[in-house]
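Novice: Next input, structure requested:
(chains A and B)
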Number of protein chains: 2
Amino acid sequence: MKIIQIVGYKNSGKTTLASHLIETFTTKGIHVASLKHHGHGGEPVGISNTDSEQHRTSGSFVSGVTGEHILQLANQGRWELSQILPFYQRLGAEVLVVEGFKNENYPKIVLLKNKNDQHLLKSLTNILAVMTWFPMDHPSLPTFLKGEEKKLCHWISETIFQNK
Amino acid sequence: MKIIQIVGYKNSGKTTLASHLIETFTTKGIHVASLKHHGHGGEPVGISNTDSEQHRTSGSFVSGVTGEHILQLANQGRWELSQILPFYQRLGAEVLVVEGFKNENYPKIVLLKNKNDQHLLKSLTNILAVMTWFPMDHPSLPTFLKGEEKKLCHWISETIFQNK
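Specialist: Okay, here's the model as predicted:
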(Lines give C-alpha, C1' and ligand atoms only; values in the text may rest on other atoms or scores of the structure.)
Protein backbone atom coordinates (compact mmCIF):
# COMPACT_ATOMS: atom_id res chain seq x y z
CA MET A 1 0.00 0.00 0.00
CA LYS A 2 1.44 3.35 -1.02
CA ILE A 3 0.97 6.20 1.41
CA ILE A 4 0.95 9.90 0.51
CA GLN A 5 0.68 12.53 3.17
CA ILE A 6 -0.69 16.02 2.66
CA VAL A 7 0.46 18.34 5.39
CA GLY A 8 0.35 22.03 6.19
CA TYR A 9 -1.24 24.40 8.62
CA LYS A 10 -4.98 24.87 9.03
CA ASN A 11 -6.81 26.26 5.98
CA SER A 12 -3.82 25.76 3.71
CA GLY A 13 -5.91 23.64 1.33
CA LYS A 14 -5.21 20.09 2.52
CA THR A 15 -8.71 18.70 2.00
CA THR A 16 -9.04 20.31 -1.43
CA LEU A 17 -5.76 18.78 -2.56
CA ALA A 18 -6.63 15.43 -0.97
CA SER A 19 -9.88 15.36 -2.92
CA HIS A 20 -8.09 16.12 -6.17
CA LEU A 21 -5.56 13.41 -5.47
CA ILE A 22 -8.22 10.84 -4.59
CA GLU A 23 -10.06 11.69 -7.78
CA THR A 24 -6.91 11.40 -9.86
CA PHE A 25 -6.17 7.91 -8.57
CA THR A 26 -9.79 6.80 -8.75
CA THR A 27 -9.97 7.85 -12.39
CA LYS A 28 -6.99 5.60 -13.07
CA GLY A 29 -8.84 2.67 -11.50
CA ILE A 30 -6.67 2.62 -8.40
CA HIS A 31 -8.28 1.52 -5.14
CA VAL A 32 -7.74 4.60 -3.00
CA ALA A 33 -8.67 5.26 0.62
CA SER A 34 -8.11 8.25 2.86
CA LEU A 35 -7.52 9.25 6.44
CA LYS A 36 -7.75 12.69 7.97
CA HIS A 37 -6.25 13.77 11.24
CA HIS A 38 -8.72 15.99 12.98
CA GLY A 39 -6.08 18.07 14.68
CA HIS A 40 -5.87 18.89 18.32
CA GLY A 41 -8.52 20.88 20.08
CA GLY A 42 -10.64 21.13 16.96
CA GLU A 43 -14.30 20.33 16.85
CA PRO A 44 -14.71 16.92 18.41
CA VAL A 45 -14.95 13.86 16.26
CA GLY A 46 -17.58 12.44 18.47
CA ILE A 47 -20.87 10.89 18.41
CA SER A 48 -23.81 9.64 20.31
CA ASN A 49 -21.22 7.87 22.34
CA THR A 50 -23.21 6.85 25.37
CA ASP A 51 -23.15 3.12 24.91
CA SER A 52 -19.60 2.76 23.77
CA GLU A 53 -18.56 5.00 26.68
CA GLN A 54 -20.31 2.55 28.99
CA HIS A 55 -18.33 -0.29 27.45
CA ARG A 56 -15.15 1.69 27.82
CA THR A 57 -15.83 2.47 31.46
CA SER A 58 -16.37 -1.23 32.07
CA GLY A 59 -12.85 -1.92 30.82
CA SER A 60 -13.17 -2.49 27.09
CA PHE A 61 -9.82 -1.41 25.64
CA VAL A 62 -11.37 -0.66 22.26
CA SER A 63 -15.10 -0.10 22.02
CA GLY A 64 -16.72 0.18 18.63
CA VAL A 65 -20.08 1.23 17.29
CA THR A 66 -21.24 0.55 13.79
CA GLY A 67 -24.35 1.56 11.91
CA GLU A 68 -24.87 1.65 8.19
CA HIS A 69 -21.63 2.79 6.53
CA ILE A 70 -19.96 4.17 9.66
CA LEU A 71 -17.62 2.37 12.04
CA GLN A 72 -16.40 4.28 15.07
CA LEU A 73 -13.69 2.85 17.29
CA ALA A 74 -12.90 4.42 20.65
CA ASN A 75 -9.46 3.63 22.01
CA GLN A 76 -8.28 4.05 25.58
CA GLY A 77 -5.64 6.51 24.42
CA ARG A 78 -4.88 8.40 21.26
CA TRP A 79 -4.93 6.46 17.98
CA GLU A 80 -1.48 6.13 16.46
CA LEU A 81 -1.08 6.06 12.68
CA SER A 82 0.77 2.77 13.05
CA GLN A 83 -2.33 1.20 14.60
CA ILE A 84 -4.59 2.46 11.83
CA LEU A 85 -2.55 1.63 8.73
CA PRO A 86 -3.01 -2.15 9.01
CA PHE A 87 -6.80 -1.65 8.86
CA TYR A 88 -6.49 -0.01 5.45
CA GLN A 89 -4.05 -2.65 4.28
CA ARG A 90 -6.48 -5.32 5.32
CA LEU A 91 -9.25 -3.58 3.35
CA GLY A 92 -7.12 -3.75 0.23
CA ALA A 93 -6.24 -0.09 -0.30
CA GLU A 94 -3.63 0.42 -3.01
CA VAL A 95 -3.08 4.05 -2.11
CA LEU A 96 -3.83 5.80 1.16
CA VAL A 97 -4.05 9.58 1.13
CA VAL A 98 -3.34 10.87 4.63
CA GLU A 99 -4.20 14.43 5.66
CA GLY A 100 -2.06 15.55 8.55
CA PHE A 101 0.22 13.57 10.87
CA LYS A 102 2.97 15.86 9.63
CA ASN A 103 5.67 14.40 11.84
CA GLU A 104 5.32 10.96 10.29
CA ASN A 105 7.93 9.91 7.75
CA TYR A 106 5.83 8.95 4.69
CA PRO A 107 6.24 10.69 1.31
CA LYS A 108 4.46 13.99 1.62
CA ILE A 109 3.26 17.14 -0.09
CA VAL A 110 3.68 20.27 1.99
CA LEU A 111 1.23 23.15 1.64
CA LEU A 112 2.53 26.62 2.45
CA LYS A 113 -0.04 29.40 2.76
CA ASN A 114 2.29 32.02 4.21
CA LYS A 115 5.99 32.69 3.85
CA ASN A 116 6.22 32.23 7.59
CA ASP A 117 5.34 28.56 7.10
CA GLN A 118 8.53 27.84 5.14
CA HIS A 119 10.25 26.50 8.24
CA LEU A 120 8.17 23.35 7.65
CA LEU A 121 10.45 22.51 4.74
CA LYS A 122 13.32 22.22 7.18
CA SER A 123 11.56 20.39 9.98
CA LEU A 124 9.59 17.80 7.98
CA THR A 125 10.97 14.66 6.38
CA ASN A 126 10.37 12.83 3.11
CA ILE A 127 8.96 15.79 1.17
CA LEU A 128 7.99 14.96 -2.42
CA ALA A 129 6.68 18.35 -3.52
CA VAL A 130 5.52 21.73 -2.23
CA MET A 131 2.40 23.72 -3.05
CA THR A 132 2.53 27.40 -2.16
CA TRP A 133 0.02 30.26 -2.05
CA PHE A 134 2.83 32.65 -3.08
CA PRO A 135 5.54 32.43 -5.75
CA MET A 136 8.46 30.45 -4.44
CA ASP A 137 11.48 28.67 -5.88
CA HIS A 138 13.26 25.85 -4.15
CA PRO A 139 16.70 24.54 -5.04
CA SER A 140 15.75 20.86 -4.87
CA LEU A 141 12.00 20.36 -4.42
CA PRO A 142 9.35 20.57 -7.17
CA THR A 143 7.08 23.50 -6.37
CA PHE A 144 3.51 24.14 -7.54
CA LEU A 145 1.33 27.19 -7.08
CA LYS A 146 -2.05 27.00 -5.36
CA GLY A 147 -4.52 26.45 -8.18
CA GLU A 148 -2.25 23.95 -9.93
CA GLU A 149 -3.79 21.00 -8.06
CA LYS A 150 -4.42 19.01 -11.24
CA LYS A 151 -0.86 19.47 -12.45
CA LEU A 152 0.49 18.46 -9.05
CA CYS A 153 -1.74 15.39 -8.88
CA HIS A 154 -0.66 14.31 -12.33
CA TRP A 155 2.96 14.71 -11.31
CA ILE A 156 2.43 12.76 -8.07
CA SER A 157 0.66 9.98 -9.87
CA GLU A 158 3.46 9.71 -12.45
CA THR A 159 6.05 9.73 -9.71
CA ILE A 160 4.38 7.08 -7.60
CA PHE A 161 3.28 4.75 -10.37
CA GLN A 162 6.15 5.16 -12.79
CA ASN A 163 5.13 2.11 -14.74
CA LYS A 164 1.38 2.71 -15.04
CA MET B 1 -9.84 -14.18 19.66
CA LYS B 2 -12.99 -15.44 21.33
CA ILE B 3 -16.23 -13.77 20.30
CA ILE B 4 -19.38 -13.59 22.39
CA GLN B 5 -22.53 -12.05 21.02
CA ILE B 6 -25.28 -10.50 23.09
CA VAL B 7 -28.49 -10.30 21.14
CA GLY B 8 -32.12 -9.44 21.75
CA TYR B 9 -34.62 -6.80 20.87
CA LYS B 10 -34.28 -3.14 21.75
CA ASN B 11 -34.26 -2.33 25.47
CA SER B 12 -33.86 -5.96 26.45
CA GLY B 13 -30.71 -5.13 28.44
CA LYS B 14 -27.94 -5.83 25.94
CA THR B 15 -25.66 -2.94 26.92
CA THR B 16 -26.09 -3.62 30.64
CA LEU B 17 -25.14 -7.26 30.16
CA ALA B 18 -22.28 -6.35 27.82
CA SER B 19 -20.88 -4.01 30.47
CA HIS B 20 -21.07 -6.72 33.13
CA LEU B 21 -19.36 -9.17 30.81
CA ILE B 22 -16.60 -6.73 29.89
CA GLU B 23 -16.03 -6.03 33.57
CA THR B 24 -15.92 -9.72 34.42
CA PHE B 25 -13.23 -10.43 31.83
CA THR B 26 -11.29 -7.27 32.64
CA THR B 27 -11.17 -8.24 36.31
CA LYS B 28 -9.60 -11.54 35.28
CA GLY B 29 -6.89 -9.67 33.38
CA ILE B 30 -8.26 -10.60 29.98
CA HIS B 31 -7.79 -8.09 27.15
CA VAL B 32 -11.39 -7.44 26.15
CA ALA B 33 -12.82 -5.22 23.44
CA SER B 34 -16.37 -4.58 22.34
CA LEU B 35 -18.46 -3.74 19.32
CA LYS B 36 -22.05 -2.55 19.22
CA HIS B 37 -24.35 -2.66 16.24
CA HIS B 38 -26.32 0.54 16.18
CA GLY B 39 -29.34 -1.06 14.60
CA HIS B 40 -31.20 0.11 11.57
CA GLY B 41 -32.97 3.41 11.45
CA GLY B 42 -31.81 4.32 14.93
CA GLU B 43 -30.22 7.59 15.80
CA PRO B 44 -27.46 8.10 13.31
CA VAL B 45 -23.91 7.18 14.18
CA GLY B 46 -22.65 10.23 12.45
CA ILE B 47 -20.44 13.04 12.93
CA SER B 48 -19.03 16.26 11.73
CA ASN B 49 -18.51 14.37 8.55
CA THR B 50 -17.95 17.15 6.09
CA ASP B 51 -14.35 16.44 5.19
CA SER B 52 -14.55 12.70 5.05
CA GLU B 53 -17.71 13.06 2.95
CA GLN B 54 -15.69 15.16 0.54
CA HIS B 55 -13.07 12.41 0.36
CA ARG B 56 -15.79 9.85 -0.20
CA THR B 57 -17.39 11.86 -2.96
CA SER B 58 -14.01 12.10 -4.66
CA GLY B 59 -13.85 8.31 -4.79
CA SER B 60 -12.18 7.22 -1.57
CA PHE B 61 -13.57 3.74 -0.87
CA VAL B 62 -12.93 4.09 2.85
CA SER B 63 -12.47 7.54 4.33
CA GLY B 64 -11.39 7.90 7.91
CA VAL B 65 -11.17 10.68 10.45
CA THR B 66 -9.26 10.43 13.67
CA GLY B 67 -8.90 12.80 16.57
CA GLU B 68 -7.80 11.98 20.08
CA HIS B 69 -9.14 8.54 21.05
CA ILE B 70 -11.73 8.27 18.25
CA LEU B 71 -11.30 6.71 14.82
CA GLN B 72 -14.23 6.88 12.44
CA LEU B 73 -14.20 4.96 9.18
CA ALA B 74 -16.81 5.61 6.50
CA ASN B 75 -17.29 2.79 4.03
CA GLN B 76 -19.00 3.00 0.66
CA GLY B 77 -21.56 0.46 1.79
CA ARG B 78 -22.59 -1.11 5.05
CA TRP B 79 -19.84 -2.46 7.30
CA GLU B 80 -19.90 -6.24 7.57
CA LEU B 81 -18.84 -7.94 10.79
CA SER B 82 -16.33 -9.96 8.77
CA GLN B 83 -14.59 -6.74 7.74
CA ILE B 84 -14.42 -5.45 11.29
CA LEU B 85 -13.24 -8.54 13.18
CA PRO B 86 -9.70 -8.49 11.73
CA PHE B 87 -9.23 -4.98 13.14
CA TYR B 88 -9.84 -6.24 16.66
CA GLN B 89 -7.64 -9.26 16.09
CA ARG B 90 -4.88 -6.99 14.91
CA LEU B 91 -5.26 -4.89 18.07
CA GLY B 92 -4.72 -7.97 20.19
CA ALA B 93 -8.17 -8.50 21.69
CA GLU B 94 -8.49 -11.80 23.53
CA VAL B 95 -12.25 -11.53 23.84
CA LEU B 96 -14.62 -9.45 21.75
CA VAL B 97 -18.08 -8.76 23.18
CA VAL B 98 -20.44 -8.03 20.30
CA GLU B 99 -23.82 -6.41 20.87
CA GLY B 100 -26.22 -7.24 18.08
CA PHE B 101 -25.60 -8.81 14.66
CA LYS B 102 -28.01 -11.49 15.78
CA ASN B 103 -27.94 -13.42 12.52
CA GLU B 104 -24.22 -14.08 12.81
CA ASN B 105 -23.15 -17.52 13.96
CA TYR B 106 -20.87 -16.78 16.94
CA PRO B 107 -21.62 -18.11 20.45
CA LYS B 108 -24.35 -15.92 21.84
CA ILE B 109 -26.47 -14.98 24.80
CA VAL B 110 -30.08 -14.23 23.92
CA LEU B 111 -32.06 -11.72 25.97
CA LEU B 112 -35.82 -12.17 26.08
CA LYS B 113 -37.85 -9.32 27.51
CA ASN B 114 -41.27 -10.63 26.47
CA LYS B 115 -42.65 -14.11 25.97
CA ASN B 116 -43.37 -13.07 22.40
CA ASP B 117 -39.62 -12.91 21.81
CA GLN B 118 -39.14 -16.64 22.40
CA HIS B 119 -39.21 -17.34 18.67
CA LEU B 120 -35.63 -16.02 18.67
CA LEU B 121 -34.56 -19.25 20.33
CA LYS B 122 -35.67 -21.11 17.23
CA SER B 123 -34.36 -18.74 14.60
CA LEU B 124 -30.92 -17.94 16.02
CA THR B 125 -27.89 -20.20 15.98
CA ASN B 126 -25.09 -21.01 18.41
CA ILE B 127 -26.94 -20.01 21.59
CA LEU B 128 -24.92 -20.47 24.78
CA ALA B 129 -27.44 -19.19 27.31
CA VAL B 130 -30.65 -17.22 27.68
CA MET B 131 -31.51 -14.36 30.00
CA THR B 132 -35.22 -13.68 30.46
CA TRP B 133 -37.28 -10.96 32.09
CA PHE B 134 -39.89 -13.61 33.04
CA PRO B 135 -39.56 -17.06 34.57
CA MET B 136 -38.80 -19.60 31.86
CA ASP B 137 -37.47 -23.11 31.68
CA HIS B 138 -35.79 -24.53 28.64
CA PRO B 139 -35.13 -28.22 27.99
CA SER B 140 -31.55 -27.74 26.82
CA LEU B 141 -30.32 -24.16 27.31
CA PRO B 142 -29.07 -22.66 30.59
CA THR B 143 -31.48 -19.88 31.56
CA PHE B 144 -30.89 -16.90 33.83
CA LEU B 145 -33.34 -14.31 35.13
CA LYS B 146 -32.84 -10.61 34.49
CA GLY B 147 -30.91 -9.37 37.51
CA GLU B 148 -28.65 -12.40 37.55
CA GLU B 149 -26.07 -10.73 35.28
CA LYS B 150 -23.18 -11.53 37.60
CA LYS B 151 -24.11 -15.17 37.82
CA LEU B 152 -24.47 -15.38 34.05
CA CYS B 153 -21.14 -13.65 33.46
CA HIS B 154 -19.41 -16.00 35.86
CA TRP B 155 -20.92 -18.95 34.05
CA ILE B 156 -19.93 -17.60 30.63
CA SER B 157 -16.42 -16.93 31.77
CA GLU B 158 -16.09 -20.47 33.18
CA THR B 159 -17.51 -21.93 30.01
CA ILE B 160 -15.28 -19.99 27.68
CA PHE B 161 -12.06 -20.23 29.65
CA GLN B 162 -12.43 -23.68 31.13
CA ASN B 163 -8.82 -23.81 32.06
CA LYS B 164 -8.36 -20.36 33.55
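Novice: quick check, the helix or strand bottoming out on mean pLDDT in chain A touching chain B?
Specialist: Of the helices and strands making up chain A, the lowest-confidence element is helix A:50-58, at a mean of 77, by mean pLDDT, DSSP states H and E. Yes. Shown here: helix A:50-58 in contact with chain B (C-beta under 8 Å from any C-beta of the partner chain) through A:51-52, A:54-55, A:57-58. In short, each C-beta sits where N, CA and C put it, glycine included.
Novice: quick one: contacts for A:Thr24?
Specialist: By C-beta atoms under 8 Å, 6 or more residues apart in numbering or on different chains, A:Thr24 lies in contact with A:150, A:153-154, A:156-157.
Novice: With neighbour count as added columns, please give the residues of helix A:50-58 next to chain B in TSV.
Specialist: Output for those, formatted as TSV (neighbours: other C-beta atoms under 10 Å in any protein chain shown):
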residue	neighbour count
A:Asp51	18
A:Ser52	26
A:Gln54	18
A:His55	28
A:Thr57	12
A:Ser58	21
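Novice: What is the burial count for A:Ser34?
Specialist: By the criterion of other C-beta atoms under 10 Å in any protein chain shown, A:Ser34 has 32 neighbours.
Novice: Just say helix, strand or coil for it.
Specialist: Per DSSP: H, G, I helix; E, B strand; the rest coil, the local secondary structure of A:Ser34 is strand.
Novice: which residues sit in contact with it?
Specialist: Contacts for A:Ser34 (C-beta under 8 Å, 6+ apart) come out as A:18, A:22, A:96-99, B:52, B:55, B:60, B:62-64.
Novice: how much space between it and B:Pro86?
Specialist: 20 Å (C-beta to C-beta, to the nearest Å).
Novice: Check A:Ile47 and give its pLDDT.
Specialist: Turning to A:Ile47, the model gives it a pLDDT of 50.
Novice: before we move on, the earlier item: filter the contacts of A:Thr24 down to the buried ones, ChimeraX style.
Specialist: In ChimeraX syntax, the buried subset of these is picked out as below (16 or more other C-beta atoms under 10 Å in any protein chain shown):
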select /A:153,156,157
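Novice: now, which of the contacts of A:Thr24 sits nearest chain B?
Specialist: Chain B lies nearest to A:Cys153 out of the contacts of A:Thr24, by C-beta to the nearest C-beta, at 10.9 Å.
Novice: how about the nearest residue to that closest one, chain neighbours excluded?
Specialist: A:Thr24 (4.0 Å; C-beta to C-beta, 6 or more residues apart in numbering or on different chains).
Novice: now swap in A:Lys108 and tell me
Specialist: A:Gln5 (3.7 Å).
Novice: Just the buried residues of the helix or strand that neighbour falls within, please?
Specialist: In the assignment (DSSP states H and E), A:Gln5 maps to strand A:2-8. Across strand A:2-8, burial judged by 16+ other C-beta under 10 Å covers A:3-8.
Novice: And the strands in chain A, which stretches?
Specialist: Applying DSSP state E to chain A gives strands spanning A:2-8, A:32-37, A:62-67, A:70-75, A:95-99, A:108-112, A:127-132, A:143-145.
Novice: Are the third one and chain B in contact anywhere?
Specialist: So the one you mean is strand A:62-67. Yes. Interface with chain B: strand A:62-67 contributes A:62-67 (C-beta under 8 Å from any C-beta).
Novice: export the residues you listed to CSV and tack on distance to B:Lys115, pLDDT and neighbour count?
Specialist: Formatted as CSV, the residues of strand A:62-67 next to chain B follow (distance: C-beta to C-beta, whole Å; pLDDT from 0 to 100; neighbours: other C-beta atoms under 10 Å in any protein chain shown):
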residue, distance to B:Lys115, pLDDT, neighbour count
A:Val62, 36, 94, 26
A:Ser63, 32, 93, 28
A:Gly64, 32, 93, 25
A:Val65, 30, 90, 24
A:Thr66, 30, 90, 24
A:Gly67, 29, 85, 23
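Novice: and which of those residues is nearest to chain B?
Specialist: A:Gly67 (2.9 Å).
Novice: how many other residues sit next to the nearest residue to the closest one once chain neighbours are set aside?
Specialist: Excluding its sequence neighbours, the residue lying closest to A:Gly67 (C-beta to C-beta, 6+ apart) is B:His38, at 2.9 Å. Here the count is done by other C-beta under 10 Å, and B:His38 has 23 residues near it.
Novice: now A:Val97
Specialist: So A:Val97, with other C-beta under 10 Å, has 29 neighbours.
Novice: which regions of chain A sit below the pLDDT cut-off?
Specialist: Where chain A drops to pLDDT under 70, the residues are A:40-51, A:163-164.
Novice: for it, what's the longest helix?
Specialist: helix A:14-27 (DSSP state H).
Novice: quick check: angle from that one to strand A:108-112?
Specialist: 140 degrees (axes from the mean of the first three to the mean of the last three C-alpha atoms, to 10 degrees).
Novice: now helix A:14-27 against helix B:50-58, angle please.
Specialist: Going by the same axes, to 10 degrees, helix A:14-27 makes 20 degrees with helix B:50-58.
Novice: hang on, A:Thr159 packs against A:Leu128?
Specialist: Yes. Counting by C-beta atoms under 8 Å, A:Thr159 does reach A:Leu128; the two are 6.7 Å apart.
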